[in-house]
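[1] sequence first, predicted coordinates after that:
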Amino acid sequence: MATGGGAPPQQTGAATPLAARRSRWIGQQYADITKLREIAARHDRAAARAQQRVARLNTHIEKLRHQATLLRERGQKALAQIPEIEQQMKQHERDIEAATNRTGGAPVGSDVTNLHYRVRKLQQKVVDRQQKARALELRAATKTQKTAELKVKVDRYTETARLEEQEAQAYRQRADRLQMVTEHDVADHLKASAAPAKGSSEDSPPTL
């Protein structure tokens, strides 16, 4: 006897083993996508770390180049003083010769010995400036050699960054392809799940 109220909705049956396996497969695909993107992120991080090292090394290289340039300029400045000192030496030598000619065979006076002393001091200045220029050039060459060594490291880290970026891109592409396949599988799964439910609702007899 009908009570006038609507009948309770029919309970849907448990999922079939095929549907359960399909659901697990889709879940595994999502897990694989997450893992691929995680690996891609790790390669991105490694690439960024290598690029950071490249940037720091390039900064250090430019600093060393600047220091080497300053050292060479100081060395050139020291050498540039030598011609003027040599001119003073030649003037003193002419003064010595003139004073010697004036005295004839007389003993050498204090004025002549003072000129000899000045000549020796000027010779010492020439040698000191030459030594200073060589020392500065050696320091500059050492810094230049250091820049060459750092440039090798820059090339190595640049190559590492390039390879890591390629690896990250490859893993991202794999994740994108797998995500497209998974989304297609999910759509098919939803359609397959909706079809039986629709059919059962259409086949059920009307309630009195």
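    Yep, it's here. Numbering: from 1, shown residues only.
[2] which stretches of the chain form helices?
    According to DSSP state H, the chain carries its helices in the segments 17-80, 82-103, 110-203.
[3] and the residue nearest to E167 when sequence neighbours are not counted, how many neighbours?
    Spatial nearest neighbour of E167, excluding adjacent residues (Cβ to Cβ, 6 or more residues apart in numbering): H43 at 4.4 Å. C-beta: built from backbone N, CA, C; applies to glycine. Per other Cβ atoms under 10 Å, the neighbour tally for H43 reads 19.
[4] got it, and the one 4 residues further on?
    A47 is surrounded by 20 other residues when neighbours are defined as other Cβ under 10 Å.
[5] residues touching stretch 80-88, excluding its own?
    Applying Cβ atoms under 8 Å, 6 or more residues apart in numbering, the contact partners of stretch 80-88 are 118, 122, 125-126, 129-130.
[6] number of nearby residues for I61?
    The tally of other residues near I61 (other Cβ under 10 Å) stands at 19.
[7] contact partners for it?
    I61 sits in contact with 147, 150-151, 154, where contact means Cβ under 8 Å, 6+ apart.
[8] can you do 6 Å?
    Each residue near I61 by Cβ atoms under 6 Å, 6 or more residues apart in numbering is listed here: 147, 150.
[9] distance of it relative to K151?
    Here the criterion is Cβ to Cβ, to the nearest Å. By it, I61 lies 6 Å from K151.
[10] residue contacts, the residue nearest the centre of the chain?
    Nearest to the mean C-alpha position of the chain, by Cα atoms, centre = their mean, lies V54 at 2.0 Å. Contacts for V54 (Cβ under 6 Å, 6+ apart) come out as 154, 157-158.
[11] now the end-to-end length of stretch 95-109.
    For stretch 95-109, the first-to-last residue distance is 13 Å (Cα to Cα, to the nearest Å).
[12] what about it, average pLDDT?
    Taken as a whole, stretch 95-109 has a mean pLDDT of 73.
[13] just to revisit the earlier point, just the buried residues of the contacts of stretch 80-88.
    Using 16 or more other Cβ atoms under 10 Å as the burial test, the contacts of stretch 80-88 include 118, 122, 125-126, 129 as buried.
[14] closest to A175 out of the residues you listed?
    Using Cβ to Cβ, R129 comes nearest to A175 of the buried ones among the contacts of stretch 80-88, at 67.4 Å.
[15] so who does that closest one touch?
    78, 81-82.
[16] now do A161
    A161 sits next to 47, 50-51 when contact means Cβ under 6 Å, 6+ apart.
[17] quick one: which of those is nearest R174?
    Using Cβ to Cβ, the contacts of A161 come closest to R174 at A47, 17.2 Å.
[18] wait, isn't the closest one in contact with E165?
    Yes - if you go by Cβ atoms under 6 Å, A47 and E165 touch, sitting 4.7 Å apart.
[19] and stretch 89-105, how far from the chain's centre?
    67 Å (Cα atoms, centre = their mean, to the nearest Å).
[20] just stretch 152-163 next, same as before
    8 Å.
[21] do stretch 140-150 as well
    Computed by Cα atoms, centre = their mean, the chain-centroid distance of stretch 140-150 equals 19 Å.
[22] which residues does it contact?
    Stretch 140-150 has contacts (Cβ under 6 Å, 6+ apart) with 57, 61, 64-65, 67-68, 71-72.
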